[in-house]
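> turn this into a structure:
(chains A and B)
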Amino acid sequence: NAGVTQTPKFRVLKTGQSMTLLCAQDMNHEYMYWYRQDPGMGLRLIHYSVGEGTTAKGEVPDGYNVSRLKKQNFLLGLESAAPSQTSVYFCASSVSGQGNTIYFGEGSWLTVV
Amino acid sequence: GEDVEQSLFLSVREGDSSVINCTYTDSSSTYLYWYKQEPGAGLQLLTYIFSNMDMKQDQRLTVLLNKKDKHLSLRIADTQTGDSAIYFCAETDKGSARQLTFGSGTQLTVLP
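Okay, here's the model as predicted:
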């Protein structure tokens, strides 16, 4: 059971470089999310998607773009990385409807130098 | 906007009970969750409670919800060293996208 898989798990970027984080889920979930986790701040929602072809902004969307071309994949892009984007990124997915479990990936550690 | 607050640290002796507290501000919260995060790992859902419930028990875990005071607690009975982790409280409202709002997490340390 793969569940929610994130790649890569670790990455070091130079300021100004671009990269894409890939999230894949094999549970046929409609909803997918990207969060970032910073020390002492819990998880904050970057972008989310309620279905294939749709995306929406979360609490901290600036500096990120996302795409949901296929139902099972949710991509998070950094066009021009900044040191403030050094963080741990978590992808999550769930079925629609209240009370259903939201499943998290294991995280991607990104350092921007 | 919504706000979820937790104390940052809690230490208990092995075998004792742990109580982790959380307060939230969104009166439209429908589900409240407790997640566990071990070092270097993702978030594991421990339990959740619907807003029309006062209490939910699941083996060693007891969740209490005081909706009037917007206060949620997680009690872990017979705490073990394997329970050492960060515990996050989270809430979601009636919005269709089911976005979670997280607290900052409580680091639970279980002392031998």
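
> for the one residue in chain B that gets nearest to chain A, list the residues it contacts.
Chain B approaches chain A most closely through B:F102 (3.7 Å), counting by C-beta to the nearest C-beta. Backbone N, C-alpha and C define where each C-beta goes, glycine included. Taking C-beta atoms under 8 Å, 6 or more residues apart in numbering or on different chains, we find B:F102 in contact with A:35, A:42-44, B:4, B:35, B:88-90.

> now those residues in JSON lines, with pLDDT?
Formatted as JSON lines, the contacts of B:F102 follow (pLDDT from 0 to 100):
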{"residue": "A:Y35", "pLDDT": "95"}
{"residue": "A:G42", "pLDDT": "82"}
{"residue": "A:L43", "pLDDT": "90"}
{"residue": "A:R44", "pLDDT": "92"}
{"residue": "B:V4", "pLDDT": "91"}
{"residue": "B:Y35", "pLDDT": "93"}
{"residue": "B:F88", "pLDDT": "95"}
{"residue": "B:C89", "pLDDT": "94"}
{"residue": "B:A90", "pLDDT": "91"}
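
> so, low pLDDT: which residues of chain A?
A:1-2, A:97-100 (pLDDT under 70).

> find the closest residue to chain B in it.
Chain B sits closest to A:G42 of chain A, with a gap of 3.7 Å, by C-beta to the nearest C-beta.

> quick check: phi and psi on that residue?
Note on A:G42: backbone dihedrals following degrees, to the nearest 10 are phi 70, psi -160.

> just the strands in the chain please.
The chain I'm using is chain A. A:4-7, A:10-13, A:19-25, A:31-37, A:43-51, A:54-57, A:65-67, A:73-78, A:87-94, A:103-104, A:108-112 (DSSP state E).

> the intended chain is chain B.
Assignment of strands within chain B using DSSP E yields the ranges B:4-6, B:9-13, B:18-24, B:31-37, B:43-50, B:55-58, B:61-66, B:71-76, B:85-92, B:101-102, B:106-111.
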